[in-house]
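K.L.:
Turn this into a model:
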Amino acid sequence: MNRLAVVMPCGPGSAQALDTLGSVEHYLGDTCPVIVVDDHTTDGTHEALAKAARPNWILMRNPRARGIEGLIRSLADGFLQALEHTQSDVILRLDQDALVINAGLTEAALEYMRANPGVGIFGVYREDHDRARSFEVHTRLINSELRGLRRLVRHAPFWAPLLMSAEGRGYHRGDNVFGGAYLVTRDCLEKLQSAGALNVPDAVRSRLQEDVYFSMATAAVGLEMGHFAAPDGPLCLEWRGLPKPARELWAEGFMVVHSVDKGANTDPGANGGLTAREVFRQIRAQETAGQSALFNRESIFLR
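P.N.:
Numbering: from 1, shown residues only. Next comes the predicted model:
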């Protein structure tokens, strides 16, 4: 049984999507369950994914493009598929512009879960790689969407009951595990399903970001957020760009990075003439070649 599954929302850009999925296959194995939620792309991405599909993939397609404001619904649909079609203990939510860059994520995640049984969602939480995180912008958005007529039940955001439950358990408005890549336990998703938090309306009419929503919902069902990232954990993410050049992140043993296509440390000038994504792809190719060479040497020795 694969103890980790992946849910990846996907917009336009087949090359990026397939490369990210290639990193999943390389480091998490070719039987790791993968649920891809295509946001009704019309640039050929859906067709490219369908052509490249592996037996371990589930390829979904939204009936219409939902965009960033519909990401909560898209991910909820993906999480429901993970619950129904896998037995995995933990689900990695991975952005299209994120990458797995080293082996060992499944084992590290399971060990973290054993050490922190009250945690339901974990990733970049308390701090970014070099500074404390601020949740103020999300707090302001929540307060804004609860003002005025929205306080009436018929106008309240769909997530308002979850917020009340979460705050009753000590949740602070806006706190979240960053959404570029994070992990959710199966227990958490089952509790969210039971609480109705995965039954998201198609027209959400809210600008709340998905990482805030799922963090809030996790608190509402009595579970905690956890830090599983730099400086001590295996995730090293920025909202835009990379904290360091690609090869440095790989050499330091980080396992997941985000925003490899745009921002600081992603361009050829920072990566020896290659883009960050090209560097990580080159590393995977070198690792595959090294493994093949080792296999050949062992085969000769055994003969």
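K.L.:
need the helices for the stretch 1-150 of the chain, in chain order.
P.N.:
Applying DSSP state H, counting those that start in this stretch to the stretch 1-150 of the chain gives helices spanning 14-28, 45-52, 71-85, 105-115, 136-145.
K.L.:
Just tell me which of the ones you listed ends up closest to Gln282.
P.N.:
Shortest distance between Gln282 and those, using C-beta to C-beta, is found for helix 14-28: 11.7 Å. Just so you know, the C-beta spots here come from the backbone N, C-alpha and C atoms, and that holds for glycine as well.
K.L.:
hang on, the earlier thing: just put the helices of the stretch 1-150 of the chain in TSV and tack on mean neighbour count and mean pLDDT.
P.N.:
TSV is the format used below for the helices of the stretch 1-150 of the chain (neighbours: other C-beta atoms under 10 Å; pLDDT from 0 to 100):
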stretch	mean neighbour count	mean pLDDT
helix 14-28	20	98
helix 45-52	16	97
helix 71-85	20	97
helix 105-115	16	98
helix 136-145	14	96
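K.L.:
I'd like to know which of those helices is closest to Gly263.
P.N.:
Taking C-beta to C-beta, helix 14-28 is the member of the helices of the stretch 1-150 of the chain nearest to Gly263, at 14.2 Å.
K.L.:
ok, and what's touching that closest one?
P.N.:
Residues outside helix 14-28 that contact it (C-beta atoms under 8 Å, 6 or more residues apart in numbering): 4, 6, 8, 10, 32, 34, 36, 43-45, 48-49, 52, 54, 57, 94-103, 105-106, 255, 261, 277, 280-281, 284, 287-288.
K.L.:
In strands, which of those fall?
P.N.:
Counted as lying in strands by DSSP state E, out of these, are Leu4, Val6, Met8, Cys10, Val34, Val36, Trp57, Leu94, Ala98, Leu99, Val100.
K.L.:
quick one, what contacts the first one?
P.N.:
The reference is to Leu4. Here Leu4 is in contact with Leu28, Cys32, Ser88, Asp89, Val90, Ile91, Leu92, Leu105, Thr106, Ala109, Leu110 (C-beta under 8 Å, 6+ apart).
K.L.:
residues in contact with the third one?
P.N.:
For Ser88, the set of contacting residues under the criterion of C-beta under 8 Å, 6+ apart consists of Met1, Asn2, Arg3, Leu4, Ala5, Pro33, Ala82, Arg186.
K.L.:
If you rank those by neighbours, which is first?
P.N.:
When neighbours are counted by other C-beta atoms under 10 Å, Ala5 leads the contacts of Ser88 with 26 neighbours.
K.L.:
that older thread, compare the helices of the stretch 1-150 of the chain and report which one is nearest to Gly269.
P.N.:
Closest among the helices of the stretch 1-150 of the chain, using C-beta to C-beta: helix 14-28, at 20.2 Å.
K.L.:
quick one: that closest one to chain centroid distance?
P.N.:
From the chain centre to the centre of helix 14-28 is a distance of 13 Å (C-alpha atoms, centre = their mean, to the nearest Å).
K.L.:
Stretch 241-248 too?
P.N.:
Taking C-alpha atoms, centre = their mean, the mean C-alpha location of stretch 241-248 is offset from the chain mean by 18 Å.
K.L.:
list the buried ones in it?
P.N.:
For stretch 241-248, burial by neighbour count (16 or more other C-beta atoms under 10 Å) applies to Gly241, Leu242, Pro243, Lys244, Pro245, Ala246, Arg247.
K.L.:
Nearest residue to the second one in space, please, no chain neighbours.
P.N.:
In this case it means Leu242. Asn265 (4.0 Å; C-beta to C-beta, 6 or more residues apart in numbering).
K.L.:
what's around that neighbour, how many residues?
P.N.:
Asn265 is flanked by 20 other residues according to other C-beta under 10 Å.
K.L.:
again with Ala65
P.N.:
Other residues within reach of Ala65, judged by other C-beta under 10 Å, total 13.
K.L.:
what's the answer for Ala251, then?
P.N.:
Neighbours of Ala251 using other C-beta under 10 Å come to 12.
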